[in-house]
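Trainee: A structural model of the following input is requested.
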Amino acid sequence: MGLVNSLKFNGYSGAIITDEEYYILGRRRAQIADSLQSLLSDEISNEFGIEAIYGGTGAIAFTNEVIVKTKQAIEKKYKVYKRTNDAKDGFNSVEEIARIAFITFQEVCRDKVDKKLYGLFGFTGEDLIRGFYMIDEKKIEIKEEKVISKALKIMTNDGAAGCKDIFDNSGMVVGTDMTNGYASFDFYGGSTQFYLSTGLYNALGAGSTSTSLYFSNLINSLALNERRDGIDKVFGLVELIRGTNYSLEKNNEIGGYYNILYLNGKGKNHKERLTEITGDTAQITKEIVSAYDKGYLKKETCFNLIDKIFFSKSKPKIDDLEKEMYAGCKNKEDLSLYLRGYKI
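Mentor: Numbers count the residues shown, from 1 in each chain. This next block holds a predicted model:
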């Protein structure tokens, strides 16, 4: 299923993180998920000064379809704007992008439901509502109560078998725009509307309950002026990763490398507004924060390394980061054992 966590740092910035673990048919574990992607091209982002990231949990094929079709819908609307040069055809807020993603999410849900109904009964949801379907221009009425009852359970997610991969999906859109700053929206399988996250954090998918507990404790520890005015970006990134590490330790279906995106709404262009950390760099980022959390690294060392990873103009080398991490640790041997999974 995967996990998607986001944390708001202040009125214009924040970050979102996910893992890459997926359970095929709920049994076979694979590190193949790519569930966190920017929805806007460089051109569209720079034209409107907007950033929008989609993070999805559930079936990875479902999430991928939502991302692809949302991007296509955004590109289609942008082409209209380029042709008319009318502001109403453009994009003014993250909410507009989130609405497009939500509508696409609903359409993909309905398509999956229709395909299931058609495979079982030979008709779609629309056919069920109107009470008949057509085969070779012949009208066939849907009258059998058992068929109607089972079909309705599938359409309404009322405990019907085989619907988990449809209705257990969820999505989150986070981003920044020039009017409203940072915003986060989420929606779920079967949702009739999408929701604005009014708190500083959002969590979806496997382990989201654990994440919520961690972030609740974090936010409760912040003074009112910190909640109003914002927190330091490095502190925010460390806490976002700590919360995700906490969920990783406590829950199933979370694992592999992280994918982390930092949003800075004050950046002048797409490149300055969006920073993405993936692959080996994301893995050592996880290890640095984990080592700090367990007391092997001092706060100063951890924060300096995270600052270097996300905000250094030159991309740091993994070997250099690892050397600096070990140079700043209290016990190199214990840290090495811990990172290799030993119980110490």
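Trainee: Cross-check the contact I'm expecting between Thr57 and Asp165.
Mentor: No: counting by Cβ atoms under 8 Å, Thr57 does not reach Asp165; the two are 12.0 Å apart. C-beta: built from backbone N, CA, C; applies to glycine.
Trainee: who has more neighbours, those two?
Mentor: More crowded of Thr57 and Asp165, by other Cβ atoms under 10 Å: Thr57, with 29 against 16.
Trainee: can you list the domain ranges for this structure.
Mentor: Using automatic domain parsing, the domain parsing of the chain gives 1-277, 279-344.
Trainee: Mind putting these into TSV with mean pLDDT?
Mentor: Formatted as TSV, the domains of the chain follow (pLDDT from 0 to 100):
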stretch	mean pLDDT
domain 1-277	94
domain 279-344	95
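Trainee: ok, and which of those has the densest surroundings?
Mentor: Of all the domains of the chain, domain 1-277 has the most neighbours on average by mean count of other Cβ atoms under 10 Å, namely a mean of 18.
Trainee: so how far is the host helix or strand of Glu333 from its chain's centroid?
Mentor: Taking DSSP states H and E as the criterion, Glu333 maps to helix 332-339. Using Cα atoms, centre = their mean, to the nearest Å, the distance from the centre of helix 332-339 to the centre of the chain it belongs to is 32 Å.
Trainee: what do you get for stretch 154-167?
Mentor: Here stretch 154-167 is found 23 Å from its chain centre; the criterion is Cα atoms, centre = their mean.
Trainee: In which helix or strand does the residue positioned nearest the centre of the chain reside?
Mentor: Nearest residue to the geometric centre of the chain (Cα atoms, centre = their mean): Gly55, 2.1 Å. Following DSSP H and E, the helix or strand that holds Gly55 is strand 51-57.
Trainee: Could you name the helices and strands sitting against that strand?
Mentor: If you count contacts as 3 or more Cβ pairs under 8 Å, 6 or more residues apart in numbering; DSSP states H and E, strand 51-57 packs onto strand 3-8, strand 13-18, strand 36-38, helix 60-84, helix 94-121, strand 170-177, strand 201-205, strand 259-264.
Trainee: go with 6 Å
Mentor: strand 13-18, strand 36-38, helix 94-121, strand 170-177 (3 or more Cβ pairs under 6 Å, 6 or more residues apart in numbering; DSSP states H and E).
Trainee: What's the first helix or strand after the shortest one?
Mentor: Just to be clear, that refers to strand 36-38. Reading on from strand 36-38 to the C-terminus, the next helix or strand found by DSSP H and E is helix 42-48.
Trainee: From the rest of the structure, what touches that next one?
Mentor: For helix 42-48, contacts defined as Cβ atoms under 6 Å, 6 or more residues apart in numbering pick out Tyr78, Gly90, Phe91, Asn269, His270.
Trainee: Please name the residues that touch Asp127.
Mentor: Counting by Cβ under 6 Å, 6+ apart, Asp127 has contacts Tyr133.
Trainee: Tell me if I am right that it is in a helix.
Mentor: Yes: with DSSP: H, G, I helix; E, B strand; the rest coil as the criterion, Asp127 is part of a helix.
Trainee: any idea how far it is from Ile44?
Mentor: Asp127 sits 38 Å away from Ile44, going by Cβ to Cβ, to the nearest Å.
Trainee: Phi and psi next, for the nearest residue to Lys153 once chain neighbours are set aside.
Mentor: In space, and not counting its chain neighbours, Lys153 is closest to Ala160: 4.1 Å by Cβ to Cβ, 6 or more residues apart in numbering. When read as degrees, to the nearest 10, the backbone of Ala160 gives phi -70, psi 140.
Trainee: ok, Ala160 to Ser149 distance?
Mentor: The gap separating Ala160 from Ser149 is 10 Å, by Cβ to Cβ.
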